[in-house]
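Asks: Need coordinates for the below:
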Amino acid sequence: MNKEILHSAVNFLARREHSEKELVNKLKAKDYAPDEIDVVIEHLIAKDYLSDQRFADSVFRYRLSRGFGWRYIQNELQQKGVSAALIKALGQEQDTDWYHQAELAYNKRFALKEIKDQKDKAKRIRFLQYRGFSIDEIMAVLQTD
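Replies: Predicted coordinates for the structure are as follows:
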């Protein structure tokens, strides 16, 4: 096993959790040989230094605290190489009230401002859609406003 690749990988993991795909891409960007990278990745997984489950939990908690919805979180995890089965399991084990999360994000951005016209309402809908909330959650928030 190449110690230089191992040290680079551990340095990346010391800063924050990474998905397997992310870490492989970062190591490839440093021009390490793919077969040597695979050996290091297998070692890190065996030692439990690298875990897609832990990474997914970390991303979920962080994005939730920042006011993002399930669709945004799900899309981000897919882009970072987390398996669909792991994402589905994460969604099922979390008991988050997404309607409440949508309301918190909406109130933080728009506070007590009245909706002026259709253009303003569309702007608010786009904001919540970008944040990853479903149309049901968005409409529930706008009904209470």
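Asks: Show me what the helix or strand hosting Q129 is in contact with.
Replies: Element membership of Q129, judged by DSSP states H and E, is helix 118-130. Helix 118-130 is touched from outside by 69, 72, 102, 105-106, 109-110, 115, 135, 137-138, 141-142, with contacts defined as CB atoms under 8 Å, 6 or more residues apart in numbering. From N, CA and C alone the C-beta is placed, and that goes for glycine too.
Asks: What mean pLDDT does it get?
Replies: For helix 118-130, mean pLDDT rounds to 95.
Asks: C-terminal to it, which secondary structure element comes first?
Replies: helix 135-144.
Asks: related to what we said a few turns ago, buried ones in the helix holding Q129, by neighbour count?
Replies: By neighbour count on 16 or more other CB atoms under 10 Å, the buried set for helix 118-130 is R124, I125, L128, Q129.
Asks: of all those residues, which comes closest to E93?
Replies: L128 (24.4 Å; CB to CB).
Asks: Which of the buried residues of helix 118-130 lies at the shortest distance from I87?
Replies: Among the buried residues of helix 118-130, and counting by CB to CB, the member closest to I87 is Q129, at 19.7 Å.
Asks: quick one: low-confidence parts of this structure?
Replies: 145 (pLDDT under 70).
Asks: Would you map the helices across it?
Replies: 3-15, 20-29, 34-46, 52-65, 70-79, 84-93, 98-110, 118-130, 135-144 (DSSP state H).
Asks: Packing partners of the longest one?
Replies: The contact analysis (3 or more CB pairs under 8 Å, 6 or more residues apart in numbering; DSSP states H and E) places helix 52-65 against helix 70-79, helix 84-93.
Asks: Pull the last one out as CSV, backbone CA atoms only.
Replies: Spelled out, it's helix 84-93. This file holds the C-alpha atoms of helix 84-93, laid out as CSV (Å, rounded to 0.1, in the frame of the first residue of the first chain):
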residue,chain,number,x,y,z
ALA,A,84,-29.7,5.1,-3.8
ALA,A,85,-30.4,2.4,-1.2
LEU,A,86,-28.4,4.3,1.4
ILE,A,87,-30.3,7.6,0.6
LYS,A,88,-33.7,5.8,0.8
ALA,A,89,-32.8,4.3,4.2
LEU,A,90,-31.6,7.7,5.5
GLY,A,91,-34.9,9.2,4.4
GLN,A,92,-36.9,6.5,6.1
GLU,A,93,-35.0,6.6,9.4
